[in-house]
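Asks: kindly return the folded structure for what I paste below:
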Amino acid sequence: MMNMEKNAKKIIYNAKVYLRRQEFAQAVLIEGGRIAAVGADSDILADAPSDAVRINAYGRLLLPGFYDSHLHLIGVGLMAHVINFSGLSSLEECVAYARIEIARKSPPPGIIRGDGLNQENFIGEKRFPTRRDLDRITTEQPLFITRVCGHIGFCNSKMLELLGLLTSDSGTAIGAATGAMTASAVFLEGAEFDENGEPNGILRGGCLAQAREMLPAATDEFLRGNLAYAMKCALENGVTAVGSCDIIQAHTFQRIVAAYHSIYCGQKPNLRITLQNGVADDPKRLDDYIQNGHVTGAVLEESYLKIGALKLFADGSLGARTARMRGSYHDDPLTQGVPEMDWALLRELIEKAHKNGLQVIVHAIGDAAIEEVIKDFEALGDPVNSLRHGIVHCQITDKALLSRMAKSNLLALVQPIFLSNDLYIAESRVGAALASTSYAWGSMERLGIRAAYGTDAPVEPLNPLLGIACAVTRKDLSKNYPENGFCPEECVDVYTAVDNYTTAGAYAHFDENRLGRIQAGYEADMVLLDKDIFTIPPDEIPSAHVLWTMISGETAFERQPVSEGVPKPAD
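Replies: Just a heads-up that it's a prediction; the model follows:
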């Protein structure tokens with residue numbers, strides 16, 4: 001490890017230090033965990049205190065620490081404990097892989113969890129798995145799998161029995177043969193039935209929510225372990241600050257905060273976290289939340305943990321066809337998607353939060369959902385957007401919607417890496433014309449919309465370099481396709497992508513005066529890369545690696561000692 005005595009004076013020299021577009025320095029002086037000076041090697045070294053620790057960067061690129069604008073740390077940690085279907089390319093591969101994982105892990109009695117499945121990555125037939133498919137994995141235990149987006153789920157027959165849609169003795173559908181739902185199944189709105197009137201194991205809406213409720217409650221130790229693992233993953237990828245949506249129900253708030261406190265007590269410095277709290281599904285719960293002092297900016301752990309925005313959901317996902325559209329889906333004319341919340345309730349919660357000084361960010365992917373959220377923010381009568389309200393994902397847009405966002409100074413918390421998969425389905429879902437004005441990062445920049453980049457991990461890997469590459473190339477990064485990118489006029493340059501992963505993330509979380517830049521007076525949160533992503537071909541950006549991550553001038557992660565030669569990235 002680097003010689004990083006706590007609070008020691010340090011000089012990083014012989015580096016390519018990114019300051020702002022096309023401006024670089026060579027050296028950084030750190031005192032008391034903050035950046036004291038930035039400049040040329042000759043100036044910083046000549047004026048440096050004699051007791052300062054000197055760190056040779058051997059010409060490598062030094063960036064501000066990445067600020068991931070929106071992810072789910074608990075979800076990242078959870079993926080280490082579930083069957084992870086990410087990257088599998090067929091339904092048969094999913095079945096075979098899950099059987100191997102169950103045999104290897106020998107899970108205890110109860111529901112077996114799976115996540116990360118994406119049928120759009122399948123070669124050949126791109127359909128959702130049914131209970132018949134999942135019964136091939138196991139008929140002994142309930143199996144519950146969620147799609148990568150989290151907005152649709154799949155279960156086997158045993159899980160359907162728990163949900164009350166199948167009898168436990170005969171395995172027949174309850175009331176399905178006659179089309180009459182029994183009292184035990186009325187609350188399971190969103191269950192899908194096949195042509196024979198039998199539940200096929202595909203869950204949406206209330207049925208999906210009920211399946212989640214049946215999962216065993218996480219212990220405090222489990223929560224701490226998941227969060228600690230996820231924080232470590234972030235630091236390994238050069239991420240020094242995040243906006244994390246971990247708190248979905250109000251009763252979990254104190255447990256989550258306690259878990260973070262215990263981690264920080266054991267290790268500082270560590271990841272900086274702004275909590276994006278999904279604690280309100282009715283006005284009374286939001287009242288309780290605000291009255292308890294849980295408002296934007298409230299500090300919970302020194303400079304490391306604070307309360308950020310209220311997180312609300314307007315719709316689902318494009319992949320699951322639950323994103324709410326103004327017109328029908330091109331590949332499914334019978335649906336326009338599913339609103340996650342009644343529009344009137346959504347507006348009421350936004351107004352209440354705004355009046356009480358609480359920032360609001362709303363998950364909205366379809367153009368109907370985005371339009372509704374824009375209308376709700378416009379109705380607040382705050383065109384400067386003093387609380388920095390924003391739209392999370394903000395995928396399916398047209399020029400008129402983007403212009404309204406710009407006029408209202410709304411933030412966009414977007415995930416460029418989504419396009420690496422979605423470029424294959426965008427036109428089939430929404431049509432070529434609307435797809436051409438969607439994922440419109442170039443237009444956002446030209447209109448002056450503040451776009452803060454993120455990963456939505458574990459939906460996508462917690463690696464900002466992949467998001468930067470996708471924003472610049474608009475390609476499937478695994479196949480370098482299409483040759484010129486999807487709707488290449490919406491590409492941004494590397495400077496914009498880096499700024500949106502650093503300064504824009506800091507702005508979105510009211511941290512722009514202390515994080516997101518390598519500048520005197522700012523926290524010494526920085527990341528050193530093994531490649532210069534400003535000069536290498538954009539298609540090579542995903543091959544860059546983080547050599548070390550620094551928070552408050554201390555090493556939070558080091559891949560290997562930095563040397564003059566080109567380092568070999570760790571596997």
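Asks: residue 247 against residue 258, yeah?
Replies: No: counting by Cβ atoms under 8 Å, no contact exists between residue 247 and residue 258, whose distance comes to 11.9 Å. Just so you know, the C-beta spots here come from the backbone N, C-alpha and C atoms, and that holds for glycine as well.
Asks: which of those two has more neighbours?
Replies: Residue environment comparison for residue 247 versus residue 258 gives the larger neighbour count to residue 247, 23 against 13, counting by other Cβ atoms under 10 Å.
Asks: just the pLDDT for that one.
Replies: What the model reports for residue 247 is a pLDDT of 80.
Asks: which residue, other than its chain neighbours, is closest to it?
Replies: Leaving out its chain neighbours, the residue that sits closest to residue 247 by Cβ to Cβ, 6 or more residues apart in numbering is residue 277, at 4.5 Å.
Asks: how deep is the one you found tucked in, by neighbour count?
Replies: Applying the criterion other Cβ under 10 Å, we find 25 residues in the vicinity of residue 277.
Asks: can I get the helix or strand that contains residue 497 in CSV? Just the C-alpha atoms.
Replies: In this assignment (DSSP states H and E), residue 497 forms part of helix 494-500. Listed next in CSV are the C-alpha coordinates belonging to helix 494-500 (Å, rounded to 0.1, in the frame of the first residue of the first chain):
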residue,chain,number,x,y,z
VAL,A,494,-15.2,12.3,-23.1
TYR,A,495,-14.9,15.6,-21.2
THR,A,496,-18.7,15.9,-21.0
ALA,A,497,-19.0,12.2,-19.8
VAL,A,498,-16.3,12.6,-17.2
ASP,A,499,-17.8,15.9,-15.9
ASN,A,500,-21.3,14.3,-15.7
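Asks: go through that helix and flag the buried ones.
Replies: 494, 496, 497, 498, 499, 500 (16 or more other Cβ atoms under 10 Å).
Asks: next secondary structure element downstream of it?
Replies: Towards the C-terminus, the helix or strand next in line after helix 494-500, according to DSSP H and E, is helix 503-508.
Asks: for that following helix, packing partners?
Replies: Applying 3 or more Cβ pairs under 8 Å, 6 or more residues apart in numbering; DSSP states H and E, one finds that helix 503-508 makes contact with strand 66-71, strand 239-244, strand 411-414, strand 451-453.
Asks: okay, domains of this protein per the record?
Replies: For the chain, the structural domains run 10-65+518-558, 79-213, 220-508, going by automatic domain parsing.
Asks: now the second one: average pLDDT?
Replies: Which is domain 79-213. 84.
Asks: for the nearest residue to residue 33 once chain neighbours are set aside, what are phi and psi?
Replies: Distances taken as Cβ to Cβ, 6+ apart put residue 552 closest to residue 33, at 3.6 Å, once the chain neighbours are dropped. When read as degrees, to the nearest 10, the backbone of residue 552 gives phi 50, psi 40.
Asks: got the contact list for residue 552?
Replies: Residue 552 makes contacts with 33, 34, 269, 523, 524, 525, as judged by Cβ atoms under 8 Å, 6 or more residues apart in numbering.
Asks: just flag the most distant two among those.
Replies: Greatest spatial distance in the contacts of residue 552: 34 and 269, 12.3 Å, computed using Cβ to Cβ.
Asks: more neighbours: these two, which one.
Replies: Comparing residue 34 with residue 269 by other Cβ under 10 Å, the one with more neighbours is residue 269, at 23 against 16.
Asks: now the more buried one, nearest residue through space, not along the chain?
Replies: Nearest residue to residue 269, sequence neighbours excluded (Cβ to Cβ, 6+ apart): residue 551, at 3.9 Å.
Asks: please give me every residue in contact with that neighbour.
Replies: Residues counted as contacts of residue 551 (Cβ under 8 Å, 6+ apart) are 65, 235, 240, 269, 270, 271, 272, 523, 524, 525.
Asks: now do the SS call for the fifth one.
Replies: Going back to what we said before, that points to residue 270. On the three-state scheme (DSSP: H, G, I helix; E, B strand; the rest coil), residue 270 is labelled coil.
Asks: mind listing what's buried in the longest helix anywhere in the chain?
Replies: Ranked by residue count under DSSP state H, the longest helix found in the chain is helix 220-236. By neighbour count with 16+ other Cβ under 10 Å, helix 220-236 contains the buried residues 222-236.
Asks: what's it packed up against?
Replies: Of the remaining helices and strands, those touching helix 220-236 by 3+ Cβ pairs under 8 Å, 6+ apart are helix 73-78, helix 253-266, strand 546-551, strand 554-558.
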